[in-house]
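In: would you be able to build a 3D model of this:
(one chain, ligands or ions: 1)
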Amino acid sequence: MAVKETGVSYYGISYPEHAARDFTEMRAHHCTAVLLALSEFDVFFWFPNIPKIVEEARNQGLDVYLDTWGVGKFFGGEPPSLFLQENIQNRQITALTGEPVAAACFNTPAFQEYFLELVEKLARSCDAQGIFWDEPHFAMPIYPVGYQSTADWTCRCSVCQKLFEQEYGYTMPKVLTDQVKRFRRRKARQILQSASQLAKSIRPEWLLRPEWLVTQCSLPAENNYYLSYERGYDDWEQVAAFPEYDIFSTSIVTSYDAPLATHQRLAEKTVALARKYKKIPQRWIMSYLESPVDIDFIRQIARTYADSGVESIFSWTYRAGFGTILSAPEPINAWRTLGEAYKEVLGQ
Ligand SMILES: [Zn+2]
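Out: Numbering: from 1, shown residues only. Down below sits the predicted model:
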């Protein structure tokens, strides 16, 4: 058993004194860390309280990671985007139909400036352990804009077309040729490279802690939920090799119909790539929307991760989404089981 870190994502509470109670509950459920999922609205509106919430978590012994949750809809997650609300331009454009979609184009100077400022603001003010790139992806033109495939793809906006033409000397094709795929992957990498380097260059002066740990959580490339793997970050080996990253994380298996062998295979692949590139391997457990028929399956997944050499296990989300549209059935039972599983894999 090599598990050193266990945690859940947490969102929607903006009062430090209220969050403190939830952090106590997380400790009682054997969490050693919390992923603070921050929407653009949180960072804009509730900003004064965010560092205080981070401090509360740390006071209770939890490591804190900051998740740029759903920002620009470039990252995964449900929150709406202020950037999209305030910018009718700078959106990803579909290649075949030329339609704008509800996702910021991360190659545009406008979004890059907005996103990097948001990262800098968090990095300057919060005494957190790390920053977390949550399922970044090119949008797929389907409603709701998501990760699933259609024949169409993004982004072929004027900025992307210009950048492509500068690099290759011809008009950006409307089909996903190998050169277009490579161009997309390179651009997808550049924005997060810039943001990671920025975060790592900043630490409040009064802190002597080491630089930020940067995690990228990549979407699964090996289950049956997603039809396309051309989202910009689907080559796990390339992601694991990013020098700016400290933790190599791979996202949730989104169905409890998948057998334990699927979880094992993904864990083993995650660990192998993390070790190859000297990163900390992280796997996720689904605590929302569905629960396994036998709730004990959650414990078996955690054990499998531990046996495979996963060092950091997280689950989405606190209390299994209790009270939200994404609640697991019997969420408190799922949350209790997760806590027991965490206790076991931590050897407590
Ligand atoms: Zn674009």
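
In: near the ion, which residues of the chain?
Out: Applying the criterion CB under 5 Å from the ion, the portion of the chain that neighbours the ion consists of 105, 107, 155, 157, 160. For every residue, glycine as well, the C-beta is placed using N, CA and C.

In: do you know how far the spatially most central residue of the chain is from residue 183?
Out: Centroid-nearest residue in the chain: residue 134, 1.6 Å away (criterion: CA atoms, centre = their mean). For residue 134, the distance to residue 183 (CB to CB, to the nearest Å) stands at 23 Å.

In: number of nearby residues for residue 254?
Out: As a burial measure, residue 254 scores 17 neighbours (other CB atoms under 10 Å).

In: right, I mislabeled it, should have said residue 122
Out: The number of residues near residue 122, taken as other CB under 10 Å, comes to 23.

In: all strands of the stretch 101-250 of the chain, in order?
Out: Taking DSSP state E, counting those that start in this stretch to define them, one finds strands in the stretch 101-250 of the chain at 130-134, 213-218, 247-250.

In: please identify which of these is closest to residue 321.
Out: When those are ranked by distance to residue 321, counting by CB to CB, first place goes to strand 130-134 at 16.0 Å.

In: parallel or antiparallel, which strands does the closest one pair with?
Out: Applying DSSP bridges to the sheet, strand 130-134 is found paired with strand 63-68 (parallel), strand 213-218 (parallel).

In: show me the shaky parts of the stretch 1-150 of the chain.
Out: 1, 142-150 (pLDDT under 70).

In: enumerate every residue touching the residue in it that the ion sits nearest to.
Out: Closest to the ion within the stretch 1-150 of the chain is residue 105: 3.3 Å, counting by CB to the ion. Contacts of residue 105 were listed using CB atoms under 8 Å, 6 or more residues apart in numbering, and they are 90, 91, 92, 93, 111, 154, 155, 157, 159, 160.

In: cutoff 7 Å now
Out: The neighbours of residue 105, taking CB atoms under 7 Å, 6 or more residues apart in numbering as the test, are 90, 91, 92, 111, 155, 157, 159, 160.

In: any idea how far it lies from residue 119?
Out: From residue 105 over to residue 119 the distance is 18 Å, taken as CB to CB.

In: repeat for residue 330
Out: Using CB to CB, which is the criterion applied here, residue 330 is 38 Å from residue 119.

In: which one of those two has more residues nearby?
Out: When residue 330 and residue 119 are compared for neighbours, residue 119 comes out ahead with 23 against 14, by other CB under 10 Å.

In: tell me the residue of the stretch 201-348 of the chain that sits nearest the ion?
Out: Of all residues in the stretch 201-348 of the chain, residue 232 sits closest to the ion, with a separation of 11.5 Å (CB to the ion).

In: TSV for the contacts of residue 105, including neighbour count?
Out: Conversion of the contacts of residue 105 to TSV gives the following (neighbours: other CB atoms under 10 Å):
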residue	neighbour count
90	22
91	23
92	30
111	24
155	27
157	22
159	19
160	23
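
In: coming back round to it: same list (the strands of the stretch 101-250 of the chain) but as JSON lines, adding distance to residue 79.
Out: Conversion of those to JSON lines gives the following (distance: least, CB to CB, whole Å):
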{"stretch": "strand 130-134", "distance to residue 79": "11"}
{"stretch": "strand 213-218", "distance to residue 79": "16"}
{"stretch": "strand 247-250", "distance to residue 79": "20"}
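
In: mind listing what the nearest residue to residue 215 once chain neighbours are set aside touches?
Out: If the residues on either side of it in the chain are set aside, residue 215 comes closest to residue 247, at 3.9 Å by CB to CB, 6 or more residues apart in numbering. Residue 247 is in contact with 213, 215, 279, 280, 282, 312, counting by CB under 7 Å, 6+ apart.

In: now residue 247: how far from residue 137?
Out: Residue 247 is 19 Å from residue 137, where distance means CB to CB.

In: residue 151: how many residues sit nearby?
Out: For residue 151, which is what you asked about, the neighbour count (other CB under 10 Å) is 10.

In: should've said residue 260
Out: Other residues near residue 260 number 12, with proximity taken as other CB under 10 Å.

In: so what strands line up beside the helix or strand harbouring residue 315?
Out: Secondary-structure assignment from DSSP states H and E places residue 315 in strand 312-316. The partner list of strand 312-316 in its sheet, established with DSSP bridges, is strand 5-10 (parallel), strand 280-286 (parallel).

In: in a markdown table: these, plus mean neighbour count.
Out: A markdown table is the format used below for the strands paired with strand 312-316 (neighbours: other CB under 10 Å):
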| stretch | mean neighbour count |
| --- | --- |
| strand 5-10 | 23 |
| strand 280-286 | 24 |
